[in-house]
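>>> got a predicted structure plus its sequence, pasted below:
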Amino acid sequence: MALTRTEQHNDKAWGLDERSPVDVLRLLHEAQLEAAASVVQAMQSIAEASIIAATTLASGGRLAYAAAGSSGLMAMADALELPGTYGIAPDRVVILLAGGVASLNRLAGTYEDDASQAANDISAAGLVAGDCLIAISASGTTPYALAAIDEAKKRGLKVISIANNCGVPMFEKADVAIALETPAEMVAGSTRMGAGTAQKIALNLLSTLMAVQLGHVHDGYMVNLVADNIKLRERATRIVSAISACDESRAAKLLKASGGSVKLAILLAAGAENAENASNLLESNQQRLRPALSELKEGLGSR
């Protein structure tokens, strides 16, 4: 039986252990760059997936990630950043990791083979029609990920599958299949390397485009961030100042008046009567700042 791409030996690795440290690093680095480049071929699928994810959240649904091992770490890295960066409520993002918290101390083992646990995790999370599952697996055959997909489809969820091999079982029931055809690993089968790098990039692209579509990014600024520490409060102030063309002192006052909301502060700077008026503008424009600003300016211009 032919080995899948993620299990194959890389011909460039012959004699790897006999090379100088710098030569080894150069080869490893080149392999990472090749893996990163593989994401380009999946752009259309990533775009389609981001539309599903954005539509899910905009409609009140939840976004769930399911994966095992290194793929699970990539999923967690993406999912855990969404609330702080884009203001997505934490209860709208679900992380299903094979083995749960215990697996974070030991990624290897039988966790990824536990199909029954995947179904139980989907059930325990209360995922239903209207929600979306993103399943990730380098091989595309991980039992935990496959079982999560099966249970998700039974419950009427949309499914996005990400794998580093083509024509794998994970793609059979997916609404969108994202194939990241990374080269054979420099350490055969070590998918935490190239495959993991491509997964991280693909997930970053998917969730960032999703945030853009939800109106959480304006001219490259994260206008829906949750400013819950000193660094982020300073960032929020700079964002309001940059978009509103006001000094940072005024931006800080507007943020205080808006209860820390960057979007509301920007609308106040643009002439909104008060935070309630600014909030109504956002609500009537599906939380999108640009059309809210346009509506505000039109209203001010007609006075």
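Received, thanks.
>>> longest single helix anywhere in this protein?
When the chain is parsed with DSSP state H, its longest helix is helix 194-213.
>>> for it, buried residues please.
For helix 194-213, the neighbour count (16 or more other CB atoms under 10 Å) marks 194-211, 213 as buried. C-betas here are computed from N, CA, C, even on glycine.
>>> same question for stretch 246-260.
If you call a residue buried by 16+ other CB under 10 Å, then stretch 246-260 has these buried ones: Cys246, Arg250, Ala251, Ala252, Lys253, Leu254, Leu255, Ser258, Gly260.
>>> what lies in contact with that stretch?
Applying CB atoms under 8 Å, 6 or more residues apart in numbering, the contact partners of stretch 246-260 are 227, 233, 236-238, 240-241, 244, 261-262, 264-266, 268-269, 275, 278.
>>> and those, which of them are buried?
For those, a burial check counting by 16+ other CB under 10 Å picks out 227, 236-237, 240-241, 244, 261-262, 264-266, 268-269, 275, 278.
>>> tell me which of those residues has the lowest pLDDT.
For these, the weakest pLDDT value sits at Ala227, with 86.
>>> who are the neighbours in contact with that one?
By CB under 8 Å, 6+ apart, the neighbours of Ala227 are Arg233, Arg235, Ala236, Leu255, Gly260, Val262.
>>> let's have these in a markdown table, adding secondary structure.
As requested, the contacts of Ala227 are exported to a markdown table (DSSP: H, G, I helix; E, B strand; the rest coil):
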| residue | secondary structure |
| --- | --- |
| Arg233 | helix |
| Arg235 | helix |
| Ala236 | helix |
| Leu255 | helix |
| Gly260 | coil |
| Val262 | helix |
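>>> how near is the nearest residue to Leu264 once chain neighbours are set aside to Val223?
Nearest residue to Leu264 in three dimensions, chain neighbours excluded: Ser258, at 3.6 Å (CB to CB, 6 or more residues apart in numbering). Per CB to CB, to the nearest Å, Ser258 is found 12 Å from Val223.
>>> same check, this time on Asn204
To Val223, Asn204 is 19 Å away according to CB to CB.
>>> quick check: buried residues in stretch 181-189?
Glu181, Thr182, Pro183, Ala184, Glu185, Met186, Val187, Gly189.
>>> residue contacts, the residue nearest in space to the middle of the chain?
Centroid-nearest residue in the chain: Ser207, 3.4 Å away (criterion: CA atoms, centre = their mean). Applying CB under 8 Å, 6+ apart to Ser207 gives the contacts Ser50, Ala53, Asp78, Glu81, Leu82, Tyr86.
>>> pretty sure the last one sits against Gln213.
Translated: Tyr86. No. With contact defined as CB atoms under 8 Å, Tyr86 does not reach Gln213; the gap is 11.0 Å.
>>> mind putting the buried residues of stretch 181-189 into JSON lines with distance to Ala124, pLDDT and secondary structure?
Listed next are the buried residues of stretch 181-189 as JSON lines, based on distance: CB to CB, whole Å; pLDDT from 0 to 100; DSSP: H, G, I helix; E, B strand; the rest coil:
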{"residue": "Glu181", "distance to Ala124": "34", "pLDDT": "94", "secondary structure": "coil"}
{"residue": "Thr182", "distance to Ala124": "33", "pLDDT": "94", "secondary structure": "coil"}
{"residue": "Pro183", "distance to Ala124": "38", "pLDDT": "91", "secondary structure": "coil"}
{"residue": "Ala184", "distance to Ala124": "37", "pLDDT": "89", "secondary structure": "coil"}
{"residue": "Glu185", "distance to Ala124": "34", "pLDDT": "86", "secondary structure": "coil"}
{"residue": "Met186", "distance to Ala124": "39", "pLDDT": "81", "secondary structure": "coil"}
{"residue": "Val187", "distance to Ala124": "36", "pLDDT": "86", "secondary structure": "coil"}
{"residue": "Gly189", "distance to Ala124": "32", "pLDDT": "82", "secondary structure": "coil"}
